[in-house]
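Visitor: Sequence first, predicted model second:
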Amino acid sequence: MRSPKDFFRPLAVGAPAPVREVPFRPSRMIHFFDPGNEKMAAKVPAIAPTVDVLLGNLEDAVAADRKEAARAGLVRTAKETDFGDTQLWTRVNSLDSPWALDDLITLVTEIGDKLDVIMVPKVEGAQDIHYVDRLLAQLEAKAGVTRPILVHAILETATGVANVEQIAGASPRMQGISLGPADLAASRRMKTTRVGGGHPGYLVREDPHADEVAPRATFQQDLWHYTIARMVDACAAHGILPYYGPFGDIKDTTACEDQFRNAFLLGCVGAWSLHPVQIDIAKRVFSPAPADVAWARKVIAAMGDGTGAVMIDGKMQDDATYKQCQVVASLADALAA
Ligand code: GLV
Ligand code: MG
């Protein structure tokens, strides 16, 4: 089965590079489109070669009376399009909706051979993944789909966050988890009204005595730090991939890039793109910077078998920095392959 698990396998000193059963497939941006929107669907063949993942969205943002049209549009688009190396994913409706069962039955039987990953929203625990896993096994067998379809969970309820470790390890089909900040904010009763990103009111203020002369500085904090870090740990522990989800303020490309970069630095491998302008941002952010890759290679070369300590440009390097540098260099290699 294709699996990102080996990508996260801790590298033992002196061990050969991890062997993957199938090649690593980049997923820096998961580009959403509405398959029921004919204008958008018509652009799919042109957009496909520019993204790592194309996702036909059937859930939120598709109105209730357009669910069937979106599902039919995805089947049509998948049948008519050659996606090349680009992965095709879908986001089905949530398991407590009237549409999820028909989404799964129709998509697997009609286009199961073209679908790489099914994103399941509002996952609350391992039981949701077990249900999808069993259903997929039956439908794949019925439709003669021989390549297992992988499963991606959206972390967007407080209960889901509480159960994130069990979700990450619920099935060998698990490919990854995305943070869904908009639904999660509502579920937690946060007081935001945005799709991801920060809030100017969530800040820390300098102590009143920090500087008796200058005005007290304030710094905006990251609303999503805790959840991303928790999700990354759960994913790393189970060998699957973590992602930041949507950033809704399309015009604010600076804040989008900041949010994506925070997620990248914390361990995420990609984010959703909701508009073509976010594709390049994700590509840039989730590809290690050439200077960082060059530094990582310099440390790896200087460290020999990866044990001991060396000084490079005044900085101490040891077994642990060697491993960090391997993460950066191996990601660069995988993306270049
Ligand atoms: C995504 O689905 C979100 O709720 O942020
Ligand atoms: Mg959501």
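Guide: Happy to help now that I have it. Residues are numbered from 1 along each chain as shown. Ligands and ions are numbered 1, 2, ... in the order given.
Visitor: Spell out which parts of the stretch 201-337 of the chain neighbour ligand 1.
Guide: Contact residues, the stretch 201-337 of the chain versus ligand 1 (C-beta under 6 Å from any ligand atom): 245-246. All C-beta atoms are positioned from the backbone trio N, CA, C, and that covers glycine.
Visitor: residue ranges of the helices in the stretch 201-337 of the chain, please?
Guide: Using DSSP state H, counting those that start in this stretch, the helices found in the stretch 201-337 of the chain span residues 225-238, 253-266, 276-285, 290-302, 319-336.
Visitor: and the fourth one, what other elements does it pack with?
Guide: Right, helix 290-302. The helices and strands touching helix 290-302, judged by 3 or more C-beta pairs under 8 Å, 6 or more residues apart in numbering; DSSP states H and E, are strand 310-312, helix 319-336.
Visitor: how does it look with 6 Å?
Guide: Applying 3 or more C-beta pairs under 6 Å, 6 or more residues apart in numbering; DSSP states H and E, we find helix 290-302 packed against helix 319-336.
Visitor: Kindly report the same for the third one.
Guide: Packed against helix 276-285 by the contact rule (3+ C-beta pairs under 6 Å, 6+ apart) you find helix 253-266, strand 270-273.
Visitor: please redo it, this time with the cut-off set to 10 Å
Guide: Packing partners of helix 276-285 (3 or more C-beta pairs under 10 Å, 6 or more residues apart in numbering; DSSP states H and E): strand 29-33, strand 241-244, helix 253-266, strand 270-273.
Visitor: Same list (these) but as TSV, adding mean neighbour count and mean pLDDT.
Guide: Formatted as TSV, those follow (neighbours: other C-beta atoms under 10 Å; pLDDT from 0 to 100):
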stretch	mean neighbour count	mean pLDDT
strand 29-33	23	98
strand 241-244	28	97
helix 253-266	18	98
strand 270-273	27	98
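Visitor: among those, which is nearest ligand 2?
Guide: strand 270-273 (10.3 Å; C-beta to the ion).
Visitor: Next, count neighbours for the closest residue to Cys256 other than its chain neighbours.
Guide: Nearest non-adjacent residue to Cys256, counting by C-beta to C-beta, 6 or more residues apart in numbering: Phe247, 4.4 Å away. As a burial measure, Phe247 scores 27 neighbours (other C-beta atoms under 10 Å).
Visitor: Who are the contact partners of Phe247?
Guide: When contacts are counted by C-beta atoms under 10 Å, 6 or more residues apart in numbering, Phe247 touches 181, 194-197, 253, 255-260, 271-275, 278, 281-282.
Visitor: Quick check: the gap between it and Cys235.
Guide: Distance from Phe247 to Cys235, counting by C-beta to C-beta, to the nearest Å: 20 Å.
Visitor: so Ser171 makes contact with His152?
Guide: No - between Ser171 and His152 there is no contact under C-beta atoms under 10 Å: 11.3 Å.
Visitor: If you count neighbours, what's buried in stretch 59-77?
Guide: Residues of stretch 59-77 classed as buried: 59-60, 62, 67, 69-71, 73-77 (neighbour count, 16 or more other C-beta atoms under 10 Å).
Visitor: Inside helices: which ones of those?
Guide: Using DSSP state H to define helices, the subset of the buried residues of stretch 59-77 located there is 67, 69-71, 73-77.
Visitor: Local confidence estimate at the single nearest residue of the stretch 1-150 of the chain relative to ligand 2?
Guide: When distances are taken as C-beta to the ion, the stretch 1-150 of the chain reaches nearest to ligand 2 at Asp60, 5.2 Å away. Asp60 is assigned a pLDDT of 97 by the prediction.
Visitor: got it, and Gly14?
Guide: The predicted local confidence for Gly14 is 43.
Visitor: follow-up on the earlier one: distance to ligand 2 for the helices of the stretch 201-337 of the chain - can I get that in JSON lines?
Guide: Formatted as JSON lines, these follow (distance: least, C-beta to the ion, whole Å):
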{"stretch": "helix 225-238", "distance to ligand 2": "13"}
{"stretch": "helix 253-266", "distance to ligand 2": "16"}
{"stretch": "helix 276-285", "distance to ligand 2": "17"}
{"stretch": "helix 290-302", "distance to ligand 2": "32"}
{"stretch": "helix 319-336", "distance to ligand 2": "28"}
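Visitor: got a markdown table for those helices, with distance to Arg205 too?
Guide: Shown next, in a markdown table, are those (distance: least, C-beta to C-beta, whole Å):
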| stretch | distance to Arg205 |
| --- | --- |
| helix 225-238 | 18 |
| helix 253-266 | 21 |
| helix 276-285 | 29 |
| helix 290-302 | 33 |
| helix 319-336 | 33 |
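Visitor: what stretches of this structure score poorly on pLDDT?
Guide: With pLDDT under 70 as the threshold, the chain has low-confidence stretches at 1-23, 210-211.
Visitor: and the gap between Cys30 and Val328?
Guide: Quick fix: residue 30 is Ile, not Cys. Ile30 is 22 Å from Val328, by C-beta to C-beta.
Visitor: Equivalent analysis for Ala42, please.
Guide: 39 Å.
Visitor: Between the two, point out the one with more neighbours.
Guide: Per other C-beta under 10 Å, whichever of Ala42 and Val328 has more neighbours is Val328, with 19 against 10.
Visitor: Make sure the more buried one is actually in contact with Gly267.
Guide: No - here Val328 does not reach Gly267: they are 12.0 Å apart, not a contact under C-beta under 10 Å.
Visitor: Brilliant, that's me finished.
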